[in-house]
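Engineer: The following comprises the amino acid sequence and a computationally predicted model.
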Amino acid sequence: MKFTCLSKGGGFHFPPCHMLSVSGFRILLDCPLDLSSLAIFSPVPIALEAHESLDTDSVVRKKQKIEKTLDANDLVCAEPWYKTVKSLHLWDASFIDVILISSPMGMLGLPFLTRTKDFSAKIYVTEAAARIGQLMMEDLVSMHMELRQFYGPEDSSFLQWMRWEGLEVLPPELKKIALGTDCEELGAWMPLYSAVDVKDCMRKVQTLKYAEEACYNGTLVIKAFSSGLEIGTCNWTINGPKRNIAYISSSIFVSTHAMDFNFLGLQGNDLIIFSDFSTLDTTENMENDNTYCDPVPSSNASDDLYNLEEIAASLLKDDESMEEMEKLAFICTCAFDSVRAGGSVLVPIDRLGIVLCLLEQMSLLLESSSLKVPVYIISSVAEELLAFTNIIPEWLCKQRQEKLFSGEPLFAHVKLIKERKIHVFPAVHSVELLTNWQEPCVVFCPHWSLRLGPVVHLLRYWCSDPNSLLILESGDDANLALLPFKPMAMKVLQCSFLSGISLQKVQPLLKALQPKLLLFPKDLRCKIQISEANTIIHYSENETLCMPSSKESTEIDIATDLASQFHWKTLKQETVTRLDGELFMDQGKHRLLSGFRQADSKQHRPLLHWGSPDLKRLLTELSKMGITGTLKKVMDSAGSKNAAGIIDIDDPEKALIDVRETGTVIITADENLASHISKAIDIVLDGI
Amino acid sequence: MAIDCLVLGAGQEVGKSCMLVSINGKRIMFDCGMHMGYTDSRRYPDFSLISKTGDFDNALTCVIVTHFHLDHIGALPYFTEVCGYKGPIYMTYPTKALAPLMLEDYRKNMDRRGEDEQFTSDHIAECMKKVIPVDLKQTVQVDKDLQIRAYYAGHVIGAAMFYAKVGDAAMVYTGDYNMTPDRHLGAAQIDRLQLDLLITESTYATTIRDSRYGREREFLKAVHNCVAAGGKVLIPTFALGRAQELCILLEDYWERMNLKVPIYFSAGLTIQANMYYKMLINWTSQKIKETYATHNAFDFKNVRNFDRSLINAPGPCVLFATPGMIVGGFSLEVFMQWAPSENNLVTLPGYCVAGTIGHKLMSGKPTKIDLDKDTQIHVRCQIHQLSFSPHTDAKGIMDLVKFLSPKHAILVHGEKPKMATLKERIQSELGIQCYCPANNETVTIPSTHYVKADASGTFIRSCLNPNFKFSTCSSTDKSYLDSNESKAVSRLSVSDDRATEGILVVEKGKKAKVIHQDEFLHMLGEKKHEIQFAYCFPMHMTLTEDLSSTSHMLCGFDKCTLISRLSMILSDELSEGNILDLGEELQVESFCVSVCSSDDCPHRLSSSLQNGSESVFFCCHWSVADEKLAWKIISIMKNSTL
């Protein structure tokens, strides 16, 4: 088995990406896009600015470079390209056998692969993730089209900013994003796929339910188990004839909306690939907090726990989800304060679960007050997405499922839309929006990068209003994201949400799963001590690890009805038999089943002989069959028992049996006689 | 190893489906239904057969319910709350959501009919709390050894067939299913599984149905004619299933024909049911499923709530009223009012339980119905009987059995004589052992078991390489049977004996091992002793000019000519084997022939040449495996002339 981490990703929106090779099959784990690098592009410029920056392009930039402070004019003013996983381009897409997608975010880069020539991989995605992922891609394409309309069709295939001269003048902050730290990532940029590519991609996707068994090529049994991060996100188990693997992506034990992290489903696998980098991001954001650099000591509580149920119970303590709910409540009160002061609230958050919960809580809060503030959701796919979330009880957490059983809608937005408290519009320029528009208001819209979609227009509109509030998910560089909208009078609330397994829970989780071998990110090594696994292998980006197979020989199942028909033969120490039937590979198991062909008598004749025959015995056996002959020549006169020689047969027909050390030749013109002689030899010689 | 099936209900009858299956030590109860035709103890399965002491928790591993119809779930609250079963219960999400509605509706009806109440509202609620919902195809690990999985069954929303596997033994219990899609549900779908046992319903064991479109048209026409003439249509149904199906049908028709006649739902129950259906739209047919984003198909536009005051309001209307079969309640109330007018229409389902008014209306054409001794209803209205059913027909059952090809099949949920006919068909046409046990009978069948062995890498690798052997065999073609003459057809058959290269070795105290035959001798420390046949004999030839001169000194070139001539003869006459011309040698499998020029060839039995100039010696050798082929070639060679 081989494992290569292609990218450790970056945060919720850019999950990690790995390449795995098991039982001769190449498996790609996730295929994301790094949308945070959209930040180097300028959002659709306001008409006047645009002309200026387009004409005097490089001169202006060079000037700025000397002045050192980054401002809006430094941004690349061109139709944006999209950054894929760099190392993925080093692999031939046509050699990938299986692609496993763990989350909607993990499939945003998929159309780039599926449109390549000779692409033939089987793509497995959970049903819900596939639907949500498709909507996200369609939204991305439609938002990009808006930008494209501004820039017009690209006439030159060679882009100004991607030329070396263009890259040279980029300020270092942007250059780092464009080229990567070691200047290797320029090749990762791609122009966006089309709506047709997305459609084609979805046609190649095989959707699964949680815990549905998918059998690839009869060899690998692949199953998805809920990870709790979002609706439809999952972890994977891959069971092959030689190894059982569990892949753990960013997971949340108790979710406020999605089905909880089903870690018990991952039990019984000898190898675990731990790929939850979420703690890496949170600690990076708290750089000045030195305490995080020390490894987290295993918490006292978990040391005392030895049985599985106790560990499970401690893992499922929902303190984290309580914290999340409090966070949401805080956001709602901030928003409420804002609208009460007459300002509007803009929420460009693209985490489906968070948005759904925020919608519920915010409406509840607004309802309890006398304020009549409308809530708008503006996105080309919002209507379908909201409808979709209400027909998927099987993918939601226990509390939501209870709503199904008591006949209530799964999420409150259904009722709120019907009561016209929430309004859903496909775009900022839709007629219904313009006629309904009312301020102050609360607006949910894409895109979190602040470069695409309705958010750009609304942010421009409100950025100078000190009463308005922007609620942002804290990312790598909020400063860069907000650059085109500066100076800003608008208030900004940055918040981070739980997006993976917290450090304290890693160890108890591994204790519950008890893998023989653990693949763990090198970057997290200093943050946590792990003592559970027999062997820990640390991995880092672009390093291929080879792991020897854990089982020496392959197990084979022989059907009892077939086994009972075998012709056994007892040798000195062992009993042996020649096999029969047909060997099947099914569900990762080798199975020997009786074939469809009827066994004919010839099957019982031995095909392989060893030793050498005793000539005298052979003569006796022959005479029993009514065949007489004489021992004509003895080659070896040393007195050995099984001497070589020739037997001359003259009754019933003429025949010769030429016996030598390594073989016997039967020479006769008669078919019957030949078969009788060979039967006699079978008797005196060991064979199978 | 064996699988024991104890039939607690629905054996040679329809009603109270309940089957106890013991499979490799695990005991699963499939369905827990009640019989609508009885009011005494016979309405429930005889649970005492499961455990004499009443300790059901230890006697059962789990209970699985296939769908929410009362004959499959009706006894569940009684079993859990009165009998005290506390173990796990599995059903699909829609079944868990909708079962309480069905049970509650039934409980209320029971109340009304004055029967002794066997369970309460609280019992239903408590019972449902114990249910673990499952999704389709989700593999559920009930315990370490038992795995179950649900497959889509059509029939009603959430209906599922259940697959259960313990160790190497596996089975499927179908519940009720439909092999053809209907207005709102898809057809049953299942993987090709390796099964020891299939337990299938057989409601329509001998019926074969044609397309449903004609029947649907008939129904719509009847309704349309009635409302066009200003009449009222009464559709008595139960709250779930049929009501939604007909409503989708009518809604669609109303849209197409631009009709404005109101469609009413009687009680809040059906409206509430639609709420569930909207959330569960993923469990309906593909076509309906796709409507979720734009307009959920269960968001009925033309449907309104009915009010008692509307019963005698003027003008046409269509009314869905519960309960079905006009058992009593509101549907009876409306029927009493509407039946006397010949303008009105009552539609009835294909099957009504004896004793109901629905049943009376269907049997003959009564003009009067005596409700009780004081009340008499004059029936002048039209009656339309619906003839589509959510059950599979005989062809569907045969298709499923053939597709799954289980080692054994058990028929339940059907009528005895028809089941016997189907059983015969399954045994004779498919060659599958089939049973149709009566209630409280046990059927025992053997189950699959595998012996485990370790296989060597060489064996596995050799099995990866194809080792095809082609041969033509003549056989009687059965497809010509109807033309009354069986033709002998020779066809190419392919055999692949990869597995026979393997040898199974069992040593005392060690795990059985499979090795390749090449490794075997090495293991024994012995040397191979090859047994071969050989024969060198003369073959007739016609002299050609260039050969005549050098008849005794055959050079290499001439050998090649002879061999290629021989090759031509063989390829004409030989139907099997792969002939390889290697220049001076000819190979067919292990059979090898070459021109023999040495006079004292050891493989010659007689060196006498009758016609020295007109024959040439060929020396052949072959191994045991190709004995038959070799002799065939030799006889061809002896009978032909080069």
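Structural biologist: On my side now, so go ahead. Numbering: from 1, shown residues only, chains lettered A, B, ... in the order given.
Engineer: Next, the buried residues of the strand or helix carrying B:Thr444.
Structural biologist: Using DSSP states H and E, B:Thr444 falls within strand B:442-446. For strand B:442-446, burial by neighbour count (16 or more other Cβ atoms under 10 Å in any protein chain shown) applies to B:Val443, B:Ile445. Using the backbone N, CA and C atoms, a C-beta is placed for each residue, glycine as well.
Engineer: just stretch B:306-322 next, same as before
Structural biologist: Using 16+ other Cβ under 10 Å as the test for burial, stretch B:306-322 gives B:Phe306, B:Leu310, B:Ile311, B:Pro316, B:Cys317, B:Val318, B:Leu319, B:Phe320, B:Ala321, B:Thr322.
Engineer: what's in contact with that stretch?
Structural biologist: Defining contact as Cβ atoms under 8 Å, 6 or more residues apart in numbering or on different chains, one finds that stretch B:306-322 is touched by B:105, B:223, B:226-239, B:243, B:246-247, B:250, B:261-267, B:269-270, B:329-331, B:333-334, B:337-338.
Engineer: And the average pLDDT for it is what?
Structural biologist: Averaged over stretch B:306-322, pLDDT sits at 86.
Engineer: Same check on stretch A:514-533?
Structural biologist: Here stretch A:514-533 scores 81 as its mean pLDDT.
Engineer: One more: stretch B:82-90?
Structural biologist: The model assigns stretch B:82-90 a mean pLDDT of 94.
Engineer: What of stretch B:21-38?
Structural biologist: Computed over stretch B:21-38, the average pLDDT equals 90.
Engineer: Any idea how far apart the tips of it sit?
Structural biologist: Start and end residues of stretch B:21-38 are separated by 25 Å (Cα to Cα, to the nearest Å).
Engineer: now do stretch A:92-102
Structural biologist: One end of stretch A:92-102 to the other measures 22 Å (Cα to Cα).
Engineer: quick one: contacts of that stretch?
Structural biologist: Outside stretch A:92-102, the residues that touch it by Cβ under 8 Å, 6+ apart are A:15, A:25-31, A:107, A:110, A:113, A:116-125, A:129-130, A:133, A:205, A:216-217, A:220, A:222, A:227, A:233-236, A:238, A:247, A:249.
Engineer: for stretch B:439-451, same thing?
Structural biologist: With contacts defined as Cβ under 8 Å, 6+ apart, stretch B:439-451 is touched by A:557-560, A:563, A:591, B:1-13, B:23-24, B:46, B:49, B:167-170, B:194, B:196-197, B:407-408, B:410, B:433, B:435, B:437, B:512.
Engineer: Let me know the pLDDT of the residue in the stretch 51-200 of chain A positioned nearest to chain B.
Structural biologist: As assessed by Cβ to the nearest Cβ, chain B sits closest to A:Glu127 within the stretch 51-200 of chain A, at 8.4 Å. A:Glu127 carries a pLDDT value of 95.
Engineer: quick one, what contacts the residue lying closest to B:Phe300 once chain neighbours are set aside?
Structural biologist: Leaving aside its chain neighbours, B:Phe300 sits nearest to B:Glu251 (5.4 Å; criterion: Cβ to Cβ, 6 or more residues apart in numbering or on different chains). B:Glu251 makes contact with B:Ile263, B:Phe300, B:Lys301, B:Asn302, B:Val303, according to Cβ under 8 Å, 6+ apart.
Engineer: I appreciate the help and will end here.
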